[in-house]
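A.B. asks: Coordinates for the following, if possible.
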Amino acid sequence: MYELLLRIETLFLGLQTPALWAIGIGAIGVGLVLWLGGTRYHALIIGVLGAVVGCAAGLLVSQQLDLIPWLSVAVGAAVLAGLSILFRNVLILVLAVLVFSAVSGAGYVSVVLDRAVPQVQSKIQAEQSRAFQYFSGMDLDARQKYMSDISQHAQTFAERLTALLANTWQALGPRAWVIVLPIVAGAIVGILLVWLIAKIVIALAYSIVGTATILGGAQAALLAVGVPVVSGLESRRWLPAVIFATMTVIGWVWQLFCTGARKPRKEPPTEAASAD
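C.D. replies: Numbering: from 1, shown residues only. The predicted structure follows:
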């Protein structure tokens, strides 16, 4: 996990401080809702998610068909938000399965990267591997320079992200395509678990996503004040995994036993009913 977190941190370092603050505060806020209240507010969450996707779809359609952008965005948001709420139970199950697939894939990538990082490199090996390097073992300045090199000094976040994904795929080497197996396995496990114990699995999925969002937001916020927290964990590489697992369990247990779906509000009895 450490090598993967270093890559994310280096990617974030290319952003300006206001952008880091916006990402950090927004992600922490959203993450807290998902972490502790996902099952309670699932209808609202699904509706907002549908609206966001609808906005993106409407904007894309407006560019392709030369329509009025704001109108296309509004219609797309309204339509997909309505459909999302209408079919929220199906979408929640689908999203839970996707979460398990993503966790399996990310876990595989983390393990492969951590095991593949060379512990000791000779000068010749380092010279030969100049075109490709692992982030572990490099200091902060070296990682930023390497990030600029592989992205060809791109300025936009999207271009830097694309370059980092390509570099990470290269880091996996011949085992890159094996990632399909854990993703499929995670999906199958997710389907079986959702089918058997839907409530428990959905709460776990919300807790996983909420925890990841909170930690990502915290990382961005700390970078905004000049604290590269991941870089300081060189001697405690196990700590992020422990924090992630602990927070996931806490959020999971909280949603199962301390929160639940909001109960419908009871209407006061009418006068006719009282008379009867």
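A.B. asks: for this protein, which spans come out with low pLDDT?
C.D. replies: Along the chain, the parts satisfying pLDDT under 70 run over 84-86, 88-89, 115-133, 194-196, 259-276.
A.B. asks: For residue 31, give its distance to residue 245.
C.D. replies: Plainly put, residue 31 is 16 Å away from residue 245 if you go by CB to CB, to the nearest Å. Just so you know, the C-beta spots here come from the backbone N, C-alpha and C atoms, and that holds for glycine as well.
A.B. asks: which of these two has more neighbours?
C.D. replies: Neighbour comparison, residue 31 and residue 245: the larger count goes to residue 31, with 22 against 11 (by other CB atoms under 10 Å).
A.B. asks: Show the contacting residues for that one.
C.D. replies: Neighbour list for residue 31: 209, 210, 211, 212, 213, 214, 215, 216, 217 [criterion: CB atoms under 8 Å, 6 or more residues apart in numbering].
A.B. asks: quick one: contacts of stretch 4-23?
C.D. replies: Contacting residues not belonging to stretch 4-23 are listed as 106, 109-110, 113, 135-136, 140, 143-144, 146-147, 157, 160-161, 164, 167-168, 216-217, 219-221, 223-224, 228-231, 240 [CB under 8 Å, 6+ apart].
A.B. asks: What subset of those residues is buried?
C.D. replies: 106, 109-110, 113, 135-136, 143, 146-147, 160, 164, 167-168, 216-217, 219-221, 223-224, 228-231, 240 (16 or more other CB atoms under 10 Å).
A.B. asks: Regarding residue 237, what is its secondary structure?
C.D. replies: Classification of residue 237 using DSSP: H, G, I helix; E, B strand; the rest coil returns coil.
A.B. asks: cool, residue 14 as well?
C.D. replies: Three-state assignment for residue 14 (three-state DSSP): coil.
A.B. asks: and it, backbone torsions?
C.D. replies: Backbone torsions of residue 14, given as degrees, to the nearest 10, read phi -80, psi 0.
A.B. asks: separation between it and residue 164?
C.D. replies: Residue 14 is 10 Å from residue 164, where distance means CB to CB.
A.B. asks: Then residue 229?
C.D. replies: 19 Å.
A.B. asks: And residue 211, by the same measure?
C.D. replies: Noted for residue 211: a distance of 22 Å to residue 164, by CB to CB.
A.B. asks: All the helices of this protein, residue numbers only.
C.D. replies: Counting by DSSP state H, the chain has helices at residues 2-12, 17-37, 42-65, 69-86, 88-116, 123-128, 140-150, 157-172, 180-196, 198-224, 239-257, 271-275.
A.B. asks: if we can go back for a sec, can you tell me which of the contacts of residue 31 are buried?
C.D. replies: With neighbours counted by 16+ other CB under 10 Å, the contacts of residue 31 contain buried members at 209, 210, 211, 212, 213, 214, 215, 216, 217.
A.B. asks: show me what contacts residue 252?
C.D. replies: Residue 252 makes contacts with 203, 204, 207, as judged by CB under 8 Å, 6+ apart.
A.B. asks: hmm, try it at 10 Å
C.D. replies: 35, 38, 200, 201, 203, 204, 205, 206, 207, 208, 210, 211 (CB atoms under 10 Å, 6 or more residues apart in numbering).
A.B. asks: ditto for residue 209
C.D. replies: 30-31, 34-35, 38, 45, 95-96, 98-99, 102-103, 248, 251.
A.B. asks: Turn these into JSON lines, columns for distance to residue 51.
C.D. replies: JSON lines is the format used below for the contacts of residue 209 (distance: CB to CB, whole Å):
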{"residue": "30", "distance to residue 51": "14"}
{"residue": "31", "distance to residue 51": "19"}
{"residue": "34", "distance to residue 51": "16"}
{"residue": "35", "distance to residue 51": "21"}
{"residue": "38", "distance to residue 51": "17"}
{"residue": "45", "distance to residue 51": "11"}
{"residue": "95", "distance to residue 51": "15"}
{"residue": "96", "distance to residue 51": "20"}
{"residue": "98", "distance to residue 51": "19"}
{"residue": "99", "distance to residue 51": "20"}
{"residue": "102", "distance to residue 51": "22"}
{"residue": "103", "distance to residue 51": "25"}
{"residue": "248", "distance to residue 51": "27"}
{"residue": "251", "distance to residue 51": "24"}
